[in-house]
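[1] what would the 3D arrangement of this be:
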Amino acid sequence: HYTMKKVLACMTFLALVMGAYFVGKREAASSSIRQPSIHSSASKVSNFPAASELAKVKVKTYLENNLPSPPANVPLSEIYGLLQQRADAGDGKAACRLAIELIRCKRALTMNNFMLKYADRSAFTIDAQGSSKSIDEVKAENSFDEQRLKTMEKAQACANISDEQFKQTFRYLRQGAHSSQPDAMASYADGMGFVDGDFSILRGRDFDQWRQDAVLVTENALRQGVPEAVELLHNAYADDNSLFSGLVENDPLKATTMLLLKLRIEGKPFPSKITLKASEYQRATSDSETMFHEYFKRQVKPKTNFTKSLMSGALFENEEAAPCS
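    Here you go, the predicted structure:
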């Protein structure tokens, strides 16, 4: 009885996490690709909270010494102005950092709202009915509560970010992507720049721009050896279950090529069962070998994370290095 309640509680929390992660992801039709043009000017954002004195000192220091990026784990409200200034001046890293921080804030606020609206406290409280808890059960419950607390803390830290600021996400993420920032390239292609969680994105100019250049960005990321590009393309050629996948026509040969490339990077053996014809499998093997050599310098990395940048918008814990650094 206790175990079943624990499982249900965990499943409920995971459902909330997945719901927040997939906000904004919608299927789309394929389209032609054209070279992008990045807009360098931005409208002033009103009602922006005044930065603390410490934040003002940090901004001045970074501007005067031309340092690359503010340190990790600083509240976005304290560094928004600095990052925006740098991004508008053409700094791709700053644009990437600003966009990822905006995505994180939006996700945290969305997840927190889900929890407050739909998650009754009783759904997350385990009643052991007097039975003693094992060490593993106590650890699991503590970890569960810690994640909820982190989500609420992140949401509180993002409470002063205005709707107008959130609307800048796509523009800065796109700028970062076309500045060849790996975190921005993967996130942009995956459709993370759309902050609206409904089909209204289909009517916007941003969606048309994304549809025209998302595949191009992903292919450029692949050539730069970005592992997330392999994941995106493998899924896109295999199915139509995501926003990006909807842009790409399914192709079993290319899907297998990307799978083999992924296995080469991880240093894992190829599958024993294949569905392609022998000639097609031979081509997939050859093409994956060529890309492994040209794009990844034949470097085997057993612990490669193919979704790190794709999930960067959902990370709430403290980090040693800031995104896009």
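[2] quick one: contacts for Phe296?
    225, 261, 264-265 (CB atoms under 8 Å, 6 or more residues apart in numbering). Glycine gets a C-beta too; all of them are placed from N, C-alpha and C.
[3] what secondary structure does Gly193 sit in?
    Assigned by DSSP: H, G, I helix; E, B strand; the rest coil, the conformation of Gly193 is coil.
[4] tell me which element the closest residue to it other than its chain neighbours falls in.
    The spatial neighbour of Gly193 that comes closest, neighbours along the chain excluded (CB to CB, 6 or more residues apart in numbering), is Phe170 at 3.7 Å. In the assignment (DSSP states H and E), Phe170 maps to helix 169-177.
[5] chain center to that helix: distance?
    13 Å (CA atoms, centre = their mean, to the nearest Å).
[6] picking up where we left off before, from the contacts of Phe296, which land in helices?
    261, 264-265 (DSSP state H).
[7] buried residues, stretch 262-273. List them.
    262, 264-265 (16 or more other CB atoms under 10 Å).
[8] now the end-to-end length of it.
    Start-to-end span of stretch 262-273 (CA to CA, to the nearest Å) is 17 Å.
[9] so what touches it?
    227, 230-231, 234, 259-260, 285, 288-289, 292, 296, 299-302, 304, 306.
[10] next one: stretch 276-293
    222, 252-253, 256-258, 260-261, 264-265, 270, 274, 298.
[11] hmm, back to that, let's see which of the contacts of stretch 262-273 end up in strands.
    In strands, defined here by DSSP state E, there are no members of the contacts of stretch 262-273.
[12] show me where the stretch 101-250 of the chain has helices.
    Along the stretch 101-250 of the chain, counting by DSSP state H, counting those that start in this stretch, helices occupy 135-157, 163-166, 169-177, 182-189, 205-223, 227-238.
[13] quick revisit: so which elements touch the helix holding Phe170?
    Packing partners of helix 169-177 (3 or more CB pairs under 8 Å, 6 or more residues apart in numbering; DSSP states H and E): helix 92-118, helix 182-189, helix 205-223.
[14] any idea of the angle it forms with helix 182-189?
    Angle of helix 169-177 versus helix 182-189, following axes from the mean of the first three to the mean of the last three CA atoms, to 10 degrees, is 130 degrees.
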